[in-house]
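**Q** I'll drop the sequence and a predicted model, then ask my questions.
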Amino acid sequence: MKKLYFAVLALVAANSASADSIRLVNADGNPLSQLCIAAVESESQFKALAKELDISPADMDELRCNSKPLGAFVASIRNKLETPEPATVVFRTTDDGDLSRLCMAILESDEAYEAAKASIKSEGGFLESEVLCNGLPIRSFARKYRNMTAAL
């Protein structure tokens, strides 16, 4: 039975933060590194290579890929491939009206929204239920866009 005590290097190189650019590279040319890569790419490839390398399921428990157990390595890479990059949304007002300021303030923070709301109420008021931001009720607008990176 083969013992796999050494760390296997399977370098994950990403040219940018985008999940589409993840490349798995067998940096050291080691067949065990290739096994780590095969495990991410396809179960059938992985099984065929494991058989070719004569690695038993018991030996798999000792296999390390980037210092992680095989299962943890595969899960982390697949998670990176499946997780979409957050969208960036840019908002610009087309006027300096009170309601436009209110829409921008609700994206910034609750405190900014309350301050803008107090300012508008002192000038005559408004009904929050009637305020639309980009065609959405203001609270829906905030839920949809507040957690996205917003350039104000």
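**A** Arrived safely.

**Q** Near the closest residue to residue 138 other than its chain neighbours, how many residues? Count them for me, please.
**A** In space, residue 138 comes closest to residue 131 once its chain neighbours are excluded; the distance is 4.4 Å by Cβ to Cβ, 6 or more residues apart in numbering. Placement of C-beta: from N, CA and C, glycine included. Close neighbours of residue 131, defined as other Cβ atoms under 10 Å, add up to 19.

**Q** I'd guessed residue 131 sits against residue 99; true?
**A** Yes - Residue 131 is in contact with residue 99 according to Cβ atoms under 8 Å; the separation is 5.8 Å.

**Q** how near is residue 104 to residue 90?
**A** Residue 104 sits 12 Å away from residue 90, going by Cβ to Cβ, to the nearest Å.

**Q** Residue 108 too?
**A** Remark: distance between residue 108 and residue 90 (Cβ to Cβ) = 14 Å.

**Q** Counting neighbours, go ahead and name the busier of the two.
**A** Between residue 108 and residue 90, counted using other Cβ under 10 Å, residue 108 has the larger neighbour count: 14 against 9.
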